[in-house]
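>>> sharing a sequence plus its predicted fold:
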Amino acid sequence: MNWKSLNKIISSSDNILLSTHMNPDGDGIGSELGMYYYLKDLGKECHIINISNTPDYLDFIDPDKIIEKWKNDIHENILKNIDLAIIFDVGDYKRLGQISESIKKNHIYSVSIDHHPYDDSYFDLPLVDTSYPATGQMVWSYLRFINYTKLSIIQATALYAALI
């Protein structure tokens, strides 16, 4: 896995978008949250914006209520200032809905972290490995690669939920 490239891109980015597929599941949401708190620890401006609401049964993994649901008028303006989009567990960029169009329109460098096979030509850096059982395990693998030791209980719960 090309974690060095991901690390370099994150280091050079200031405003980062995290997202997952419509009708998100525990893997997508858990992966977003696991990465979000790491990026905040780095001092990055970071938004989790999803095209669909978080299912009620997954509310427990976002106790700080950071995940936002896409609203054209608000989020189109936010994406104008984003320089990196990291998309988790998407399977196909079309499952991002309007978010995928806004990423391209604003020329945002895009990364996909996923364990599903698909045509990844939409993304600038596709990090796809079907040997992982979950995208959340890929995020965990990245955090271990960079020796991230400040894993919070929220991150641990989110990544655990991603796995199960």
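Received, thanks.

>>> any chance you could map the helices in the protein?
In the chain, the segments counted as helices under DSSP state H are 3-11, 26-41, 72-79, 98-105, 135-145, 153-163.

>>> least reliable of these going by mean pLDDT?
Among the helices of the chain, helix 72-79 carries the lowest mean pLDDT, at a mean of 85.

>>> from the contact counts, what lies against that one?
strand 45-50, helix 98-105 (3 or more CB pairs under 8 Å, 6 or more residues apart in numbering; DSSP states H and E). (Glycine included, C-beta is placed from N, CA and C.)

>>> what about the first one, average pLDDT?
Read it as strand 45-50. The model assigns strand 45-50 a mean pLDDT of 96.

>>> most tightly surrounded among the helices and strands packed on helix 72-79?
Neighbour counts (mean count of other CB atoms under 10 Å) averaged over each of those peak at strand 45-50, with a mean of 21.

>>> show me how far that strand is from its chain's centre.
Relative to the centre of its chain, strand 45-50 is centred 8 Å away, using CA atoms, centre = their mean, to the nearest Å.

>>> tell me what the spatially closest residue to residue 123 that is not a sequence neighbour is bridged to.
In this structure, residue 123 finds its nearest non-sequential neighbour in residue 112, 4.2 Å apart by CB to CB, 6 or more residues apart in numbering. For residue 112, the beta-bridge partners are residue 87, residue 126 (DSSP bridges).

>>> please renumber the chain so that the first residue is 36 from this point on.
Got it, first residue is 36 now, which makes that one residue 147.

>>> sorry, back to before: just send the helices and strands packed on helix 107-114 back as JSON lines, with distance to residue 196 too.
Below are the helices and strands packed on helix 107-114 laid out as JSON lines (distance: least, CB to CB, whole Å):
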{"stretch": "strand 80-85", "distance to residue 196": "15"}
{"stretch": "helix 133-140", "distance to residue 196": "22"}
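
>>> show the pLDDT at residue 152.
The model reports residue 152 with a pLDDT of 82.
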